[in-house]
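J.: quick one: sequence and predicted model below, then my questions.
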Amino acid sequence: MTQRTTDQANPPACVTLGLEPSFGFGDRIGLATPGHVEAMQRSGAGIQPIFPQQSIREMARTGRTPLQVMNDALGGMRAAGWNGRTGADADHLKTTADVDVTAAVGFTFFTIDPSDSVDAHADDYDEATLRTRFAAVADEVDWVQSYQGKSVGLATGTVVQLNEEACLRAAVKYGRALNHALRIAEHIATVHDQAGRDYEIELSVDETEQPTTLAEHYIVADQCLKRGMKLVSLAPRFIGDLEKGVDYKGDVAALEHSLHDHAAIATLLGPYKLSLHSGSDKLSMYAALARATRGRFHVKTAGTSYLEALRVVARHDVPLFRRLVEFARGRYETDRATYHVSATLRSAPPAAEVTEPADLERLYLESWADVPAGAGFTHPGRQILHCTFGSTLTDPVLGQAVRATLERHPDTYTEVLADHFSRHLDALRLGM
Ligand SMILES: O=C(O)[C@@H](O)[C@@H](O)[C@H](O)C(=O)CO
């Protein structure tokens, strides 16, 4: 398989997908798109793909540029014969400079991530602390009075009470983040208006400690829309635990109830899509998401394609896979920062303690043969490999060795990805 990583942008090929159900196939290496395309061809009916998708964090860790991400995905897409549409997700943008570098190469879906400005502990404040914290942001938040005392009836029957406490907590938790997001959205609009190009925006606050309440969702989204943000999708912080590289942890029935309410707000105010970040391997909640949103969803995956790349190594070069496991174990405590994971180094043994290659693959990547129908992978060893992608791929020896293995075995990589993502897409379509 030959794929291009050139300095020349491909002709614009990416479109906006609006409210259509969509699935993001982030690829940290640049060789996964043929497998993603194959999965779409097998199981993607009714769902639109986003093949070029990469966060600024991933690009920083792998040393790839937005142009490389774009060209690798579009090159892989064309080589695999995909003639349909694709969106292009410039993911987790935190600054206007992030917008500039991704807009310049034709990304169309801009995910604004203001989570660094979210107050991560707002839910824990007692009344006195909440009032003190509110006083500190009051000058920057002009909307509290306009919501306070209102109640919002949702189509689900739930009534969202925008009482004083809910409004103050929303202001403390999200006030500054909202302002930051609005500034970035304005910049995205200016850049695209000047160029006469279409775009769409996702707002993500998923990578924060405390769940987004219905009141907070309502206020934040309402403010975004009233202030002209071209919001097509919103990723709240859902209840339960959405850790990287493993299935949803929590009560799926309670989650589904909450998803119905969040989706009702999205319909009432927008409509816009509900977005599931860290969507890799969350198969047990997919049908609930698709049902609750009536197909108005976006699912974002990335790390799982990297793990499937390592599966190719595990199958074709066992000594290299052992080295990768040991290297990842050495990097994990550092690289896990900024990722929501709970695995510890004790969650899986050192490679030297596992004699059978199949056991090592099972401990660090897991196997579909061991997973009950309707569920996703759960082994914590996956997170040790997942978080350390940047260190591995930029290691001059190991990064090259992983790429060389994938280039020697493109059919295996395409097949494992096609199988893996067909399972994801089938699980989603069960709820549509
Ligand atoms: O690792 C990253 O920075 C991104 O791939 C993710 O956070 C992305 O937004 C995602 O949720 C993929 O599952």
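T.: Ah, there it is. Residues are numbered from 1 along each chain as shown.
J.: all helices of the stretch 251-400 of the chain, in order?
T.: Ranges of helices in the stretch 251-400 of the chain, per DSSP state H, counting those that start in this stretch, are 252-269, 283-293, 303-316, 318-335, 357-364, 381-386, 389-394, 398-408.
J.: then the stretch 101-250 of the chain?
T.: 127-137, 144-147, 164-195, 214-226.
J.: any chance of those helices in CSV, with distance to the ligand, mean neighbour count and mean pLDDT too?
T.: Just so you know, the C-beta spots here come from the backbone N, C-alpha and C atoms, and that holds for glycine as well. Output for the helices of the stretch 101-250 of the chain, formatted as CSV (distance: least, CB to the nearest ligand atom, whole Å; neighbours: other CB atoms under 10 Å; pLDDT from 0 to 100):
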stretch, distance to the ligand, mean neighbour count, mean pLDDT
helix 127-137, 27, 14, 98
helix 144-147, 29, 15, 98
helix 164-195, 15, 20, 98
helix 214-226, 18, 22, 98
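J.: from the stretch 151-300 of the chain, which residue is nearest to the ligand?
T.: His277 (3.4 Å; CB to the nearest ligand atom).
J.: quick check: phi and psi at that residue.
T.: Dihedral angles phi and psi of His277 (degrees, to the nearest 10) take the values phi -90, psi 170.
J.: chain neighbours aside, what residue packs nearest to Arg315?
T.: Excluding its sequence neighbours, the residue lying closest to Arg315 (CB to CB, 6 or more residues apart in numbering) is Thr412, at 6.2 Å.
J.: same question, Met285
T.: Going by CB to CB, 6+ apart, Met285 has Tyr248 as its nearest residue, at 4.3 Å.
J.: domain map for this structure?
T.: 22-303, 305-409 (the TED database).
J.: taking these together, which one is wrapped up most tightly?
T.: Of all these, domain 22-303 has the most neighbours on average by mean count of other CB atoms under 10 Å, namely a mean of 20.
J.: that one: end-to-end distance?
T.: Taking CA to CA, to the nearest Å, the first and last residues of domain 22-303 lie 18 Å apart.
J.: could you do stretch 196-216 as well?
T.: Start-to-end, stretch 196-216 (CA to CA) is 33 Å.
J.: chain center to it, what's the gap?
T.: Distance, stretch centre to chain centre, for stretch 196-216: 11 Å (CA atoms, centre = their mean, to the nearest Å).
J.: do the same with stretch 336-349
T.: 19 Å.
J.: same check, this time on stretch 195-204
T.: Distance, centroid of stretch 195-204 to centroid of chain: 17 Å (CA atoms, centre = their mean).
J.: okay, the residue nearest the centre of the chain: pLDDT?
T.: Nearest to the geometric centre of the chain sits His277, at 3.3 Å (CA atoms, centre = their mean). As predicted, His277 sits at a pLDDT of 97.
J.: and the closest residue to it other than its chain neighbours, backbone torsions?
T.: Leaving aside its sequence neighbours, His277 sits nearest to Asp206 (CB to CB, 6+ apart; 4.3 Å). When read as degrees, to the nearest 10, the backbone of Asp206 gives phi -70, psi -30.
J.: please begin residue numbering at 238 from this point
T.: Happy to do that; since the first residue is 238 now, the last one works out to Asp443.
J.: how about the residues of the stretch 488-637 of the chain by the ligand?
T.: Neighbours of the ligand within the stretch 488-637 of the chain, by CB under 6 Å from any ligand atom: 514-517, 537-539.
J.: any low-confidence regions in the chain?
T.: For the chain, the stretches with pLDDT under 70 are 238-249.
J.: hmm, back to that, of all the helices of the stretch 338-487 of the chain, which one is nearest Pro556?
T.: Between Pro556 and the helices of the stretch 338-487 of the chain, the shortest gap by CB to CB is with helix 401-432, which sits at 45.8 Å.
J.: and the angle from the closest one to helix 364-374?
T.: Angle between the axes of helix 401-432 and helix 364-374 is 30 degrees (criterion: axes from the mean of the first three to the mean of the last three CA atoms, to 10 degrees).
J.: residue farthest from the centroid of the chain?
T.: Distance-from-mean max, the chain, by CA atoms, centre = their mean: Ala365 at 35.8 Å.
J.: contacts only, for that one.
T.: By CB atoms under 8 Å, 6 or more residues apart in numbering, the contact set of Ala365 is empty.
J.: how near is the closest residue to the ligand within the stretch 238-387 of the chain to Pro586?
T.: Nearest residue of the stretch 238-387 of the chain to the ligand, counting by CB to the nearest ligand atom: Ser292, 3.4 Å away. Ser292 sits 31 Å away from Pro586 when distances are taken as CB to CB, to the nearest Å.
J.: right, and the residue nearest to Arg552 touches Val549 too?
T.: Yes: assessed by CB atoms under 8 Å, Thr649 is found in contact with Val549 at 5.0 Å.
J.: quick one, phi psi at Arg474?
T.: Backbone phi and psi, for Arg474 under degrees, to the nearest 10, turn out to be phi -90, psi 110.
J.: show the contacting residues for it.
T.: 442-449.
J.: would you list those in JSON lines and tack on distance to Ala372?
T.: Below are the contacts of Arg474 laid out as JSON lines (distance: CB to CB, whole Å):
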{"residue": "Val442", "distance to Ala372": "23"}
{"residue": "Asp443", "distance to Ala372": "28"}
{"residue": "Glu444", "distance to Ala372": "27"}
{"residue": "Thr445", "distance to Ala372": "22"}
{"residue": "Glu446", "distance to Ala372": "22"}
{"residue": "Gln447", "distance to Ala372": "21"}
{"residue": "Pro448", "distance to Ala372": "25"}
{"residue": "Thr449", "distance to Ala372": "23"}
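J.: just those residues: which are in strands?
T.: Using DSSP state E, no member of the contacts of Arg474 sits in strands.
J.: check contacts around the closest residue to Arg528 other than its chain neighbours.
T.: Spatial nearest neighbour of Arg528, excluding adjacent residues (CB to CB, 6+ apart): Gly668 at 4.1 Å. For Gly668, the contacting residues are 523-528, by CB under 8 Å, 6+ apart.
J.: for Asp554, same thing?
T.: 638, 642.
J.: if we use 10 Å, what do you get?
T.: 560-561, 638-639, 641-642, 645-646 (CB atoms under 10 Å, 6 or more residues apart in numbering).
J.: and which of those is nearest Val336?
T.: Using CB to CB, the contacts of Asp554 come closest to Val336 at Val639, 30.8 Å.
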